[in-house]
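# Turn this into a model:
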Amino acid sequence: MLSYPVILEPDDNDTFLVTSPDFPELTTFGDDRDEAVARAVDALEEAIAARMYDGKDIPLPSQGAECAELPTIITAKVMLYQGMREQGIGKAELARRLDWRLTQVDRVVDINHRSRLDDMDAALRAVGHRLTVAAVGD
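Numbers count the residues shown, from 1 in each chain. From the prediction side, this is the model:
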């Protein structure tokens, strides 16, 4: 999973302002620390979706004391997007490699579409990556 550092700062309104060193465009807030981190995840997803739409890089997480962890499916989509960029392939080429319709590829790279893990696995394999899942106790 990708865990991006966030900076939580108490502000004048008894809320916490949230920013991220990896995504300067990210700004959100929460009434308490837990809500602030939860909102940071949503804001990260939106920042990533915007970067993907604009064809920009998505940085790997830097280090930080407080982090917002992306859901597994979003992490897989980020890794697919980065794999496509590394290989210089677009959606049409991915569709050809997978023998999928372009609409299927559109959904698998769409942050807001909750794709199936088996589809993500196939798409990642098509760009030379492998999806692995592990369950780790607390």
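
# Report the buried residues of the lengthiest helix in the chain.
Ordering each helix of the chain by length in residues (DSSP state H) puts helix 33-54 first. Neighbour counts over helix 33-54 (16 or more other CB atoms under 10 Å) mark 36-37, 39-41, 43-48, 51-52 as buried. No exception for glycine: its C-beta is placed from N, CA and C like everyone else's.

# Residue 5 bridge partners, please.
residue 67 (DSSP bridges).

# Quick check, pLDDT for residue 136.
For residue 136, the pLDDT comes out at 84.

# what kind of secondary structure is it in?
Taking DSSP: H, G, I helix; E, B strand; the rest coil as the rule, one finds residue 136 in the coil state.

# Repeat that for residue 21.
With three-state DSSP as the basis, residue 21 sits in coil.

# That one contacts residue 64, correct?
Yes. Residue 21 is in contact with residue 64 according to CB atoms under 8 Å; the separation is 6.9 Å.

# what do those two both touch?
Jointly contacting residue 21 and residue 64 under the rule CB atoms under 8 Å, 6 or more residues apart in numbering are 5, 7.

# Domain-wise, how is the chain divided?
The domain map for the chain lists 3-69, 72-126, with the assignment taken from automatic domain parsing.

# Distance from the first one to the middle of the chain?
Shown here is domain 3-69, whose average C-alpha point lies 12 Å from the average C-alpha point of the whole chain (CA atoms, centre = their mean, to the nearest Å).

# now do stretch 1-13
17 Å.

# Quick one: end-to-end distance for it.
33 Å (CA to CA, to the nearest Å).

# Same question for that stretch: list its buried residues.
In stretch 1-13, counting by 16+ other CB under 10 Å, buried: 2-6, 8.

# which one among those gets closest to residue 76?
residue 2 (9.8 Å; CB to CB).

# separation between the closest one and residue 10?
26 Å (CB to CB, to the nearest Å).

# ok, now which ones touch residue 16?
Residue 16 makes contact with 8-10, 29-33, 35-36 under the criterion CB under 8 Å, 6+ apart.
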